[in-house]
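Q: Below: sequence and its predicted model.
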Amino acid sequence: MGEMMLFSAFQRNEACEYGLLDCVPLAKADLSRPFVYERRFGVFYVPAGRHLLAMSLLLALQNECGTGVEVACHLKLEYPGDTADCWLKSTAGAAFKSSVGKRIQVATGRGLTAIERRLFGDFERVF
């Protein structure tokens with residue numbers, strides 16, 4: 001898909017650090033690698049240990065905030081754990097795989113499409 005233009009100049013460094021500048025369509029993604037998936041964009045491969053930060057920045061975008069810390073203050077949540085959980089719960093089809101996890105994780109599985117269910121395979125429900 002190429003470079004994403006959804007980030008402001010202010011957010012680009014953070015987005016780059018978290019692996020959010022390039023995405024891959026779900027059907028073409030290597031789901032064995034650590035990633036964050038948002039249906040409207042695709043799969044973002046994230047560096048080890050960065051998935052909570054990436055998810056928090058995506059929540060910031062949804063709430064028109066500049067950073068994950070800013071959205072945490074705006075929503076009165078702890079950063080990055082609670083902001084990442086909020087993104088996962090509130091984003092239809094959202095999923096991730098951490099660098100230490102063996103399975104893809106989703107909020108509840110209720111918001112997944114049939115294609116997402118098939119491609120994610122044996123996913124784990126977080127909530």
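A: Done, it's in. All of these numbers come straight from a predicted model, not from anything done at the bench.
Q: before we move on, could you check phi and psi at residue 44?
A: Listed backbone geometry of residue 44 is phi -110, psi 120, with angles given as degrees, to the nearest 10.
Q: From residue 35, how far off is it?
A: Distance of residue 44 to residue 35, computed by CB to CB, to the nearest Å: 6 Å. In short, each C-beta sits where N, CA and C put it, glycine included.
Q: mind showing which ranges of this structure have poor pLDDT?
A: 1-5 (pLDDT under 70).
Q: Helices along that one, start to end?
A: Across the chain, reading from the start of the chain, the helices by DSSP state H fall at 9-17, 51-62, 68-75, 81-90, 114-120.
Q: Among these, show me which one is buried the most.
A: Between these, helix 51-62 has the highest mean count of neighbours, a mean of 24, where neighbours are mean count of other CB atoms under 10 Å.
Q: Need the contact partners of it.
A: Helix 51-62 is contacted by residues 6-7, 11, 14-15, 17-20, 34-36, 38, 44, 46, 66-68, 70-72, 75, 79-81, 83-84, 86-88, 90-91, 94, 96-99 when judged by CB atoms under 8 Å, 6 or more residues apart in numbering.
Q: Thank you kindly, that will do.
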